[in-house]
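Q: what's the 3D shape of this:
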Amino acid sequence: MPRPADSRRPATAASHGAPRPPQPVRAGPPLDGTATVAVRPYVTAHEQRERRRELALATLGPGMPGPYWIHGLEVA
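A: Below you'll find the model as predicted:
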């Protein structure tokens with residue numbers, strides 16, 4: 001007795017035709033290096049340290065005792 005065709009059966013490669021080659025990724029226009037400024041992390045480290053100290057002073061007041069650690073850095 002023949003089995004009935006199962007509609008849930010996965011389609012074979014023959015029914016889909018030949019596989020398509022991969023398509024290129026569409027990217028936007030290239031970035032202009034002269035229009036942006038590259039800033040190295042060590043340039044901003046001093047400013048970040050000053051900002052953390054200002055935040056500690058604003059939070060705890062000028063009479064804060066001892067050094068504190070904010071974001072893993074000592075704030076005196």
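Q: Surely H71 and R53 touch.
A: No: using C-beta atoms under 8 Å, H71 makes no contact with R53, being 11.6 Å away. No exception for glycine: its C-beta is placed from N, CA and C like everyone else's.
Q: Those two: who's more crowded?
A: Using other C-beta atoms under 10 Å as the criterion, H71 and R53 rank with R53 on top: 16 against 8.
Q: which regions of the protein lie under the pLDDT threshold?
A: Residue ranges of the chain with pLDDT under 70: 1-16, 63-68, 76.
Q: Show me what the lengthiest helix in it is packed up against.
A: Using DSSP state H, we find that the single longest helix of the chain is helix 41-60. Under the contact definition 3 or more C-beta pairs under 8 Å, 6 or more residues apart in numbering; DSSP states H and E, helix 41-60 sits against strand 68-70, strand 73-75.
Q: R49: neighbour count?
A: R49 has 14 nearby residues by other C-beta under 10 Å.
Q: Then Y42?
A: If we define neighbours as other C-beta under 10 Å, then Y42 has 7 of them.
Q: List the residues that contact W69.
A: Residues near W69 by C-beta atoms under 8 Å, 6 or more residues apart in numbering: V75.
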